[in-house]
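>>> here's my sequence, what's the structure:
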Amino acid sequence: MRLDQLFTKMPQYAELVSGLKPQSRQLVTGIGGSARTVLINNLINSTKRPMIIVVDTLFHADQLVNDLANIIDDNHLFEFPVEEMGAAELATSSPEYKAQRVLALNQLASGNPAVIVTSVSGIRRLVPAKSQFMAANLTIDMDSEYDLEKIKLQLHQMGYVFQKLVAAPGDFSIRGSILDIFPLNNQDPVRIDFFDTEVDSMRTFDVSNQRSIKPIKQIQILPATDLLMNDDQRRQVVKKLQKRLTAEQAKLETKQAKKLADNLEPQIMDLQNGLRDPRLLLFADMIYDGNYSLLDYLDENGIVVFDDYSRITDAVRQLSGDDDEWLADKIKHFEILKKTSYTNDFKQVFKNNTHASLILSLFQKGLGRMRLDAIEDITVRPMQQFFSQMPMLKLKSNGGKSRIRP
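Residues are numbered from 1 along each chain as shown. Model (predicted):
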């Protein structure tokens, strides 16, 4: 029997798999380190169901992805990375993280085999409704007709930035009847030449020298951001911001009211003009009607693994406290409105989760009065470490048998 299939022969494992039903919640104790990775791999192979794995920090999410990459197909394994502080997210707005999040959401939304690894900050991230994300996909092929002006508007709403020349993922340009687009899900940009409303030619090209690489017949363009906003949402956010700004100014002294207006009115004007800015993240709760999270993209038959819950709750407390402190400072300096909320409540997301859930933990502690449908103890002991003394072990053959001798 292969070493990576050891768990499948345990009676606890069979009970664990049979209990993976919607709205169920099971605790698995005794699992840690590399054994956790093997168990997750066994579950993926046994169930053939999409899975989201939640860890405490972005650092540990990166580590787990690196571990799983050795045993899971790259086409099925994705990370949903989110900076752990709003200040860092607004300051960096990492294009790489943005692309990873979009690819992860698309893999889940499309129903393809998926293992998504994220952290507490990933679950706290507010995302558009699954239906809105799917509607923001654009497919262009040689057999259909298109209105170039409508495509331009749609690309803008999908988060693509209009440039004179396409240079990086998320850019697009239009010169006469030629559309250049660099989709997040493509290694190379695509040049589409229209003849009136028909696609005359379509090919990938090299960004450095603008030379064609190869002709293609179809291109799927994913959103360039996970913070989507259509024109209706944009207008609604402008109205809400103006109303809340006026209400707060009425409660402030003249100098304070002016300072608040000086900070917010440029952002409201950018919204009115359709411009995008990383600071839009602070208005996420006003953009979307519901508090959607990554878990809302998971198929109802999917599995959520929390590894491990005590560390996760510690991270929730730490992130919430740091975030509240950061927001309080911005409110104090009249940079944002009071009661600004731009993240999900992790505890509420956990409570409302209706997928089959597994909680991995070395010990049964820190769970409070949580309802559990089953507790499976799979004791795993780490291999003894010899610390460079392996030469002391000598394997000798003895009549077809083997023995270990110091």
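
>>> and the contacts of the helix or strand encompassing Asp262?
Per DSSP states H and E, Asp262 falls inside helix 254-272. For helix 254-272, contacts defined as CB atoms under 8 Å, 6 or more residues apart in numbering pick out 234, 237-238, 241-242, 245, 248-250, 252, 276-277, 279-280, 334-337. (C-beta placed from N, C-alpha, C; glycine too.)

>>> for Ser293, see how far away Arg124 is.
Arg124 sits at a distance of 8 Å from Ser293 (criterion: CB to CB, to the nearest Å).

>>> anything in contact with each of the two?
With CB under 8 Å, 6+ apart, Arg124 and Ser293 have common neighbours Asn344, Val349.

>>> can you tell me the closest non-neighbouring residue to the residue most central in space within the chain?
A centroid search over the chain (CA atoms, centre = their mean) returns Phe80, at 2.7 Å, as the residue closest to the centre. In space, not counting the residues next to it along the chain, Phe80 is nearest to Thr118; the distance is 4.0 Å by CB to CB, 6 or more residues apart in numbering.

>>> need phi/psi at Arg203.
phi -160, psi 150 (degrees, to the nearest 10).

>>> that one against Ile213, yeah?
Yes. Counting by CB atoms under 8 Å, Arg203 does reach Ile213; the two are 6.9 Å apart.

>>> enumerate the positions of stretch 218-238 that are buried.
By neighbour count with 16 or more other CB atoms under 10 Å, stretch 218-238 contains the buried residues 219, 221-230, 233-234, 237-238.

>>> which of the residues you listed sits closest to Ala104?
Asp226 (8.8 Å; CB to CB).

>>> contacting residues for the nearest residue to the closest one once chain neighbours are set aside?
Residue nearest to Asp226 in three dimensions, not counting chain neighbours: Arg101, with 4.5 Å by CB to CB, 6+ apart. The neighbours of Arg101, taking CB under 8 Å, 6+ apart as the test, are Phe80, Pro81, Val82, Arg125, Asp226.

>>> ok, 10 Å please
By CB atoms under 10 Å, 6 or more residues apart in numbering, the residues touching Arg101 are 78-82, 94, 116, 118, 122, 125, 127, 184, 223, 225-227, 294.

>>> select only the buried ones of those residues in PyMOL?
Applying 16+ other CB under 10 Å to these leaves a buried subset, and the PyMOL line that selects it is:
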select buried, resi 78+79+80+81+82+116+118+122+125+127+184+223+225+226+227+294
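
>>> is it fair to say Leu27 lies in a strand?
Yes. Looking at Leu27 with DSSP: H, G, I helix; E, B strand; the rest coil, it is inside a strand.

>>> spit out the contact partners of it.
306, 308-309, 357-361, 364, 367, 370, 372-377.

>>> tell me the helix or strand right after the helix holding Asp262.
Criterion used, DSSP H and E; the element after helix 254-272 is helix 284-287.

>>> any idea how far the residue nearest to the centre of the chain lies from Val115?
11 Å.

>>> ditto for Leu227
24 Å.

>>> give the rounded mean pLDDT of the top helix by length along the chain.
Longest among the helix segments of the chain by residue count, using DSSP state H, is helix 309-332. For helix 309-332, mean pLDDT is 93.

>>> by contact count, what packs against it?
On a contact count with 3 or more CB pairs under 10 Å, 6 or more residues apart in numbering; DSSP states H and E, helix 309-332 meets strand 51-55, helix 58-68, helix 86-92, strand 115-119, helix 120-124, helix 346-352, strand 356-361.

>>> what ranges of the protein fall below the confidence cut-off?
1-6, 365-366, 368, 379-406 (pLDDT under 70).

>>> buried residues in the strand or helix carrying Val38?
In this structure, Val38 sits in helix 34-47 according to DSSP H and E. For helix 34-47, burial by neighbour count (16+ other CB under 10 Å) applies to Ala35, Arg36, Thr37, Val38, Leu39, Ile40, Asn41, Asn42, Leu43, Ile44, Ser46.

>>> one more: stretch 250-265?
So stretch 250-265, judged by 16+ other CB under 10 Å, has buried residues Ala257, Leu260, Ala261, Asn263, Leu264.

>>> show me which of these is closest to Val199.
Of those, the one sitting nearest to Val199 (CB to CB) turns out to be Leu264, at 43.1 Å.

>>> do you know how far the closest one is from Asp270?
In terms of CB to CB, Leu264 sits 11 Å off from Asp270.

>>> hang on, Gly33 packs against Leu360?
No. With contact defined as CB atoms under 10 Å, Gly33 does not reach Leu360; the gap is 11.1 Å.
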